[in-house]
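Enquirer: sequence and predicted model, in that order:
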Amino acid sequence: MQVHGTSIPSVHPPPHRNSRPVLKTVGEHAVAPSGRRGTDTLERRIAPGAFHNSGRKHDEPKCQPGTANAILALIRNWVEDGRRDYGIMWMYGPGGSGKSAISQSVSQMSDERGTLAASFFFQKGIPGLNTEKHFMATIAHQISISIPETRRFIAQAVESDPAVFSSSLEAQLQTLIVNPLLQAYSALGDMRNVRRKWARLVVIDGLDECQGANVQRYIVRILSTALIHRKVPLFILVSSRPEAPIRDSFNSYDLRDIIYTIVLDDNYIPDSEIRRFFWNKFDHIKQTHPLRSYISPTWPSAAIVQNLVQRAAGQFIYASTVIRYVDTPQHRPVERLDAVLRITNPVGNIPFAELDCLYRLIFGNVHNIKGVLRILGAVLFAQRLHSKKISAREPELPIPVSDPRFLEELLSLNRGDVSFILAELHSILNVPDSRRNPAPPVNSRAGETGIRILHSSLIDFLTDRSRAEKYFINSVKVHAELARACVRNLLSGHKFVHQYAGQALVTHCRFSVLTHELLHDLSNFDIAVWLTTCKTWNDGGGPYDQAWLELPHLFGWFRTLSYPEPQKNLFDRHMRAWDQYLHAQLKYYFADEFLTDLLTFVTYPHLLWDWIHMWPLLGVPQPEAVEKEMIDFEHLNIMGLKQTFDAYRHMLSEFLNDETRSGEFIMTRGHYTRVAFRIARYLFEPKKPGRLYQYKLPSEWTWFRRDHDDKVFREKKTKDTFQAGIQYLPYFLAQSEANDELIDYLRNNKLDDVRAKELPMQAYAEDKTKLEQAVAEYLNRFSGAVKSRNIARALPNGEQTHNANLIATN
């Protein structure tokens, strides 16, 4: 074992849980009605499965009595030392070294002693626990309970800014944790004394299992910064593998003074503790197993236990997996242990060699290994998604992709097949009984009811061909099968499966290999069905959000594929289907002049402004705009397009500008001319006093209304609309045809000076110059043609054509 840092000072006796200070003067306000909504919102954003005492932790590894004594004592001294020199303790070691068991025991011990503020256990492959999405909300929620004086400040912070959960992690840390703690201190007066009494432990386990190296670095940086600069009364235990992003972050120069580092090696997890673990567990088996009467009192021998200790090589995951494999009620423990001992010792010093042999033994005893690997492949590579809202009142929930009932529906298995096929793998998996869960629960978070791999080392094993050998799970083939499953289930009556199929289809296609089966399924795939599936959701932005993001990727993938025969080209086949779909939708737009005009903005090279500015630019009154938005929402929902969807908007633009595809729905120069004229009228006609675009704040934006005057907000929107028009008009004039009325209007009018003066001068000057150039170019381009037509109308019929041509050429 290696410990970096100075020695820990002497330990003061920890306060008893019931004697910790509770300051009612602030705590009484913690449940004030004004914060109830914020508390409810916060609770909907947490991942309960990340708590140290969550329901999913009942079968998690814990330090057995008598094991890890040295490290637990070291951490306990650090936790209970009110004068600790280091704010962060980083405990690292290889997979299977017992990090999570130690973190679990420390969390439980600290909770019992009243020194735990919060805990978060990351876990690879588990929705909600393998990303940072719910991290800060979960920590803040626990702090509001463990330090009740902070509760009202946290609730008020959420109520004041419900969008905080969309902010950066650093902003969430500041808003949900740092500020409420400092506000609570301020309300109590004696800051120094309060900090000493309130100092609480935060346990973060498995940081390396949080997706993304940059995210891991980011978490280390912002937590360290909060401790250094904000003097927050928290101290943090972080456990992880020594991955480079985390190691480099902790070893950075500016963190060395606050970091205490522990390396888990033989000094901390000696063979004697693993030996004690084996003896305790074997005694338990002899006392409780259904076949205990057939087990010899002298089983196992000391030599056998010593053999197992040597094979474990300091890895608790090996020891615990052996025990779970031996201790199954359906098998004879003696025979199971003999099977483990018959494993041939690998040649050479190969990391995890004994553990790999044990995993191969376990899979070798499975009858339906093909079914097992198929299910585990889905658990590993299914996309971690959330169900889309069908109504505003319906909460956003994780799609339970590891739930047995979900997998049976997705993979077209019979009811109960998942539990039956995985029945022999309880030593390495936690498989819930699907009979006790008749359907994926709609109120669970973080995949708590699903199949769970007990240790991440199994994931490493299955996805490494050299280690897993014939049990290797090939990700590209799994994605191909899941893509086929999505195609099959687009019309599924199962809510979660139906939504998963629509959301995950394109991702699985892009990461798959094009098998003959997948090519066949995609050849018969109806793209309109997929778009209709996406349309049944409303994710706040509109019914097509998922399609807008994924459709360009799907066609891009189709284009890169190699096909055995030209007639099987998926790009050509589905582009024709896409065109047919657009024809069916666009007839509703071309039936209305203003909706047709709205489409012209789709062809603009890049989105400049929010779509709410289009209606006033086109001269559409607010009541009519609402009606037209409803029509648009039911079909293509152009009004919902954002910069995020530029690739999709480009696809629409290509269609609208290609007459061979769009036919009667081609965007002509006449359309652009009409829109240019309408924008010019909006810009050039003097503003009437007090006239504003009738854009009002949504009634549910109470948090925004408190700090913003509705009239001022609408005035800003009106200024933005004016500036948007100045930027859009040059494009439309460049696309326009000759029009006598437009030419006369541009010659005889100029920009409204009243509104122009309200804009930022530098931005306005640049945009105004571009607009003046565009107007001059348009007039120069078509003034000759207009003069020709005017003269031609004044001449006798026989001379009209000849003279008009002469004038035009001059």
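Expert: Noted; the coordinates are in hand.

Enquirer: hmm, Arg384 is touching His134, no?
Expert: No - using Cβ atoms under 8 Å, Arg384 is not in contact with His134, being 11.7 Å away. The C-beta positions use only the backbone N, C-alpha and C, and glycine is treated the same way.

Enquirer: overlap in contacts, these two.
Expert: Gly128 (Cβ atoms under 8 Å, 6 or more residues apart in numbering).

Enquirer: comparing these two, which residue is more hemmed in?
Expert: Shown here are Arg384 and His134; by other Cβ atoms under 10 Å, His134 has more neighbours (23 against 19).

Enquirer: check the gap between the more buried one and Glu209 for me.
Expert: Per Cβ to Cβ, to the nearest Å, His134 is found 14 Å from Glu209.

Enquirer: ok, now Asp526?
Expert: Asp526 is 39 Å from Glu209, where distance means Cβ to Cβ.

Enquirer: more neighbours: which of the two?
Expert: With neighbours defined as other Cβ under 10 Å, Asp526 and Glu209 compare such that Glu209 has more, 22 against 14.

Enquirer: pLDDT at the more buried one, what is it?
Expert: In this prediction, Glu209 carries a pLDDT score of 90.

Enquirer: which stretches of the stretch 151-300 of the chain form helices?
Expert: Taking DSSP state H, counting those that start in this stretch as the test, the helices found in the stretch 151-300 of the chain are 151-160, 169-173, 179-188, 191-198, 213-229, 244-250, 271-288.

Enquirer: state the pLDDT value of the residue nearest to Ser736 when sequence neighbours are not counted.
Expert: Excluding the flanking residues, the one nearest Ser736 by Cβ to Cβ, 6 or more residues apart in numbering is Thr673, at 4.0 Å. pLDDT, Thr673: 96.

Enquirer: residues near Thr673, how many?
Expert: Neighbours of Thr673 under the rule other Cβ under 10 Å: 20.

Enquirer: go on, the one 3 residues further on?
Expert: When neighbours are defined as other Cβ under 10 Å, Ala676 has 28 of them.

Enquirer: could we number from 59 for the rest of this?
Expert: Right, with 59 as the first residue, what we last looked at is Ala734.

Enquirer: so, low pLDDT: which residues of the stretch 59-208 of the chain?
Expert: Within the stretch 59-208 of the chain, the stretches with pLDDT under 70 are 59-93, 113-126, 154.

Enquirer: domains for this structure, by residue range?
Expert: Annotated domains of the chain cover 60-66+78-321, 329-400, 427-562 [automatic domain parsing].

Enquirer: just put the helices of the stretch 209-358 of the chain in a markdown table and tack on distance to Asp414.
Expert: What follows is the helices of the stretch 209-358 of the chain, written out as a markdown table (distance: least, Cβ to Cβ, whole Å):
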| stretch | distance to Asp414 |
| --- | --- |
| helix 209-218 | 46 |
| helix 227-231 | 36 |
| helix 237-246 | 46 |
| helix 249-256 | 47 |
| helix 271-287 | 26 |
| helix 302-308 | 24 |
| helix 329-346 | 18 |
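
Enquirer: now those helices as TSV including distance to Arg314, mean pLDDT and mean neighbour count?
Expert: Formatted as TSV, the helices of the stretch 209-358 of the chain follow (distance: least, Cβ to Cβ, whole Å; pLDDT from 0 to 100; neighbours: other Cβ atoms under 10 Å):
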stretch	distance to Arg314	mean pLDDT	mean neighbour count
helix 209-218	32	91	23
helix 227-231	22	93	19
helix 237-246	25	84	20
helix 249-256	23	54	15
helix 271-287	11	87	18
helix 302-308	9	86	17
helix 329-346	30	89	17
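
Enquirer: so for Gly422, which of those sits nearest?
Expert: Minimum separation from Gly422 across the helices of the stretch 209-358 of the chain (Cβ to Cβ) falls at helix 329-346, 22.2 Å.

Enquirer: what's in contact with that closest one?
Expert: In contact with helix 329-346 (Cβ under 8 Å, 6+ apart) are residues 122-127, 350, 353, 355, 357-358, 363-364, 366-368, 370, 372, 374, 377-378, 381, 384-385, 391.

Enquirer: PyMOL command for the buried members of the residues you listed?
Expert: Those of the contacts of helix 329-346 that count as buried under 16 or more other Cβ atoms under 10 Å are selected in PyMOL with:
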select buried, resi 122+125+126+353+358+363+366+367+370+372+374+377+378+381+384+385+391
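
Enquirer: so where do the strands sit in the stretch 309-458 of the chain?
Expert: 317-321 (DSSP state E, counting those that start in this stretch).

Enquirer: over to the chain?
Expert: Ranges of strands in the chain, per DSSP state E, are 60-62, 146-150, 174-179, 258-263, 292-298, 317-321, 487-488, 510-511.

Enquirer: okay, angle between the longest one and strand 174-179 too, please.
Expert: With axes from the mean of the first three to the mean of the last three Cα atoms, to 10 degrees as the basis, strand 292-298 and strand 174-179 are set at 20 degrees to each other.

Enquirer: quick one: closest of the strands of the chain to His566.
Expert: strand 510-511 (20.4 Å).

Enquirer: tell me how far that closest one lies from the chain's centre.
Expert: Remark: strand 510-511 is offset 21 Å from the chain centroid, using Cα atoms, centre = their mean, to the nearest Å.

Enquirer: what does stretch 455-470 give?
Expert: Counting by Cα atoms, centre = their mean, stretch 455-470 is centred 19 Å from the centre of its parent chain.

Enquirer: how about it: buried residues?
Expert: Result for stretch 455-470 [16+ other Cβ under 10 Å]: buried residues 455-469.

Enquirer: with stretch 713-733 instead?
Expert: Buried residues in stretch 713-733 (16+ other Cβ under 10 Å): 713-714, 719-720, 723, 725, 729-733.

Enquirer: what pLDDT does Ser533 get?
Expert: pLDDT for Ser533: 94.

Enquirer: how much space between it and Asn272?
Expert: Applying Cβ to Cβ to Ser533 and Asn272 gives a distance of 22 Å.

Enquirer: next one: Glu101
Expert: 29 Å.

Enquirer: for the stretch 709-858 of the chain, just list every one of the helices.
Expert: Secondary structure of the stretch 709-858 of the chain, counting by DSSP H, counting those that start in this stretch: helices at 717-720, 727-742, 760-763, 768-793, 798-806, 811-814, 819-852, 855-867.
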